[in-house]
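K.L.:
generate coordinates for the sequence data below:
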Amino acid sequence: MCPGLPAAAGTGSKPWPRKCKGAAIGATCTAQCATAAGYAGNATARCLVNAAGEPQWSAPGNQCVKKLESAACLGTPPFDLRRKAVWPPNDGCNGTASGQKCYADCWDPYQGGGFSSTCANDTWLPPVPDHQELGFPWDGCTPHTPSCGSKPPPFDVPGAAWEPDCKDLPEPLSCAAPCVAPYAGEGYWVRCMASSGGDPWGELQGAGCSKP
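P.N.:
Numbers count the residues shown, from 1 in each chain. The predicted structure is shown next:
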């Protein structure tokens, strides 16, 4: 039998159970880890016979591991949903617990369940179409007004370029063409008027672009 208890197991381990005193040769003593302090696993030691033929506890095998604390996500998910949806105002997502979601509601003229971003240990994951029991039978955001089609407005905009979200833009949103380097200025914009019965795009607006 092994006299006494094994040597201290080290960081994160609770004391060895008293019942391990006088354990038989080949027996294993197990000490639980301090779960209240955030440790998981256990520590073990075995009663063996040393080179002198005497019973002796083996060196403890400490497998107590500090569990990672899940950290909440700060601020608002850093993803641009363009004009389809909007994240909650006033830092409404700030402090979302790891594993929980923050929802973005659709922005008129879009409707639907919206989008969500999940907090994964202080990191916001890319948004996905989702719903928050808002009464809509589908995820994501779909326009409920006519679209101006998949092509950009048919206007010449020297020194500028139409933004990507002009594709399938619903009425009454406007499509913008900001200036691109080396040009500068107000740029251009035009409103989608798909239900007007004529050209789906309204009149070209804006002061244009020029080289500084």
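K.L.:
please make it C-alpha for all contacts and neighbour counts, starting now.
P.N.:
Will do.
K.L.:
how about the closest residue to residue 44 other than its chain neighbours, what does it touch?
P.N.:
Counting by CA to CA, 6 or more residues apart in numbering, residue 30 is the residue found nearest to residue 44 once chain neighbours are left out, at 4.6 Å. Shown in contact with residue 30 (CA atoms under 8 Å, 6 or more residues apart in numbering): 16, 17, 42, 43, 44, 45.
K.L.:
so the second one is in contact with residue 23, correct?
P.N.:
No - shown here, residue 17 and residue 23 do not form a contact pair, counting by CA atoms under 8 Å, at 11.2 Å.
K.L.:
and these two? which has more neighbours close in?
P.N.:
residue 23 (20 against 13; other CA atoms under 10 Å).
K.L.:
quick one, what contacts the more buried one?
P.N.:
Here residue 23 is in contact with 1, 2, 3, 47 (criterion: CA under 8 Å, 6+ apart).
K.L.:
filter those residues down to the buried ones, ChimeraX style.
P.N.:
Buried residues within those, by 16 or more other CA atoms under 10 Å, are selected in ChimeraX with:
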select :1,2,47
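K.L.:
spatially, which two of the contacts of residue 23 are the most separated?
P.N.:
3 and 47 (9.3 Å; CA to CA).
K.L.:
identify the contacts common to these two.
P.N.:
What both residue 3 and residue 47 touch, as defined by CA under 8 Å, 6+ apart, is the set 23, 55, 56.
K.L.:
now the element after the one helix or strand in the chain whose mean pLDDT sits lowest, going C-ward?
P.N.:
Lowest on mean pLDDT, DSSP states H and E among the helices and strands of the chain sits strand 65-66, with a mean of 76. Following strand 65-66 in sequence order, the next helix or strand is strand 85-86 (DSSP states H and E).
K.L.:
now do the nearest residue to residue 109 once chain neighbours are set aside against residue 180, distance only.
P.N.:
Using CA to CA, 6+ apart and skipping the chain neighbours, the partner closest in space to residue 109 is residue 143 (5.5 Å). According to CA to CA, to the nearest Å, residue 143 stands 29 Å off from residue 180.
K.L.:
for the protein, which segments are assigned as strands?
P.N.:
28-32, 39-40, 42-49, 55-57, 61-62, 65-66, 85-86, 101-106, 110-118, 128-129, 140-143, 174-177, 184-191, 205-210 (DSSP state E).
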